[in-house]
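S.K.: coords please:
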Amino acid sequence: MTPTDEPRGLRVEAELTVGLQESSLRLHSEGDTLYVEAPDFDALRELRAAATGEVGGWLRERSRDSPLTIETPVLVRVRGVPVAHYEPTRSAGWLADRLGFGPFRVDLAGVLQAAGRGRWH
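M.R.: Numbering: from 1, shown residues only. Coordinates of the predicted model:
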């Protein structure tokens with residue numbers, strides 16, 4: 001590495017399915033963005049419960065001083081509609097803070113559209 005080179009983070013390209021008890025999520029990367037595809041909002045709630053449970057707490061405790069951070073945009077879609085996104089350089093915003101979704105920014109129009117797709121399909 002030359003002095004002018006900046007250290008770069010690990011870039012992972014992936015396509016996988018995360019199995020939950022009641023549902024599953026599909027994760028895949030395209031370019032510099034990680035996509036989380038959920039069949040419904042229940043799958044996201046189940047993921048959140050798992051992430052904030054005992055194992056999630058253990059992982060957060062172990063990585064407190066770790067250099068492991070997410071430095072890539074993440075787009076969350078429900079039924080193919082973007083409902084939330086994470087950008088490492090932006091704050092979550094007022095709505096996400098009030099709803100407890102930080103660090104993800106909530107796309108209210110997308111949430112309403114995805115909810116409507118579930119009701120009428």
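
S.K.: Can you show me the strands along this protein?
M.R.: Using DSSP state E, the strands of the chain run over residues 15-19, 24-30, 33-38, 74-78, 81-86, 105-106.

S.K.: other SSEs contacting the second one?
M.R.: Put plainly, it is strand 24-30. Judged by 3 or more C-beta pairs under 8 Å, 6 or more residues apart in numbering; DSSP states H and E, strand 24-30 is in contact with strand 15-19, strand 33-38, helix 41-52. Any C-beta I mention is one placed from the backbone N, CA and C, and that applies to glycine too.

S.K.: lowest-pLDDT helix or strand in the protein?
M.R.: Across the helices and strands of the chain, mean pLDDT, DSSP states H and E gives its lowest value to helix 54-62, namely a mean of 58.

S.K.: show me what contacts Pro88?
M.R.: Going by C-beta atoms under 8 Å, 6 or more residues apart in numbering, Pro88 touches Thr69, Ile70, Glu71, Thr72, Pro73.

S.K.: Actually, Val111.
M.R.: Val78, Val83.

S.K.: roughly how far apart are it and His85?
M.R.: Using C-beta to C-beta, to the nearest Å, Val111 is found at 12 Å from His85.

S.K.: what do you get for Arg98?
M.R.: Counting by C-beta to C-beta, the gap from Arg98 to His85 is 17 Å.

S.K.: Please identify which of those two sits among more neighbours.
M.R.: Under the neighbour definition other C-beta atoms under 10 Å, Arg98 and His85 were set side by side, and His85 has more, 20 against 11.

S.K.: For the more buried one, which non-adjacent residue is spatially closest?
M.R.: Nearest residue to His85, sequence neighbours excluded (C-beta to C-beta, 6 or more residues apart in numbering): Leu75, at 4.9 Å.
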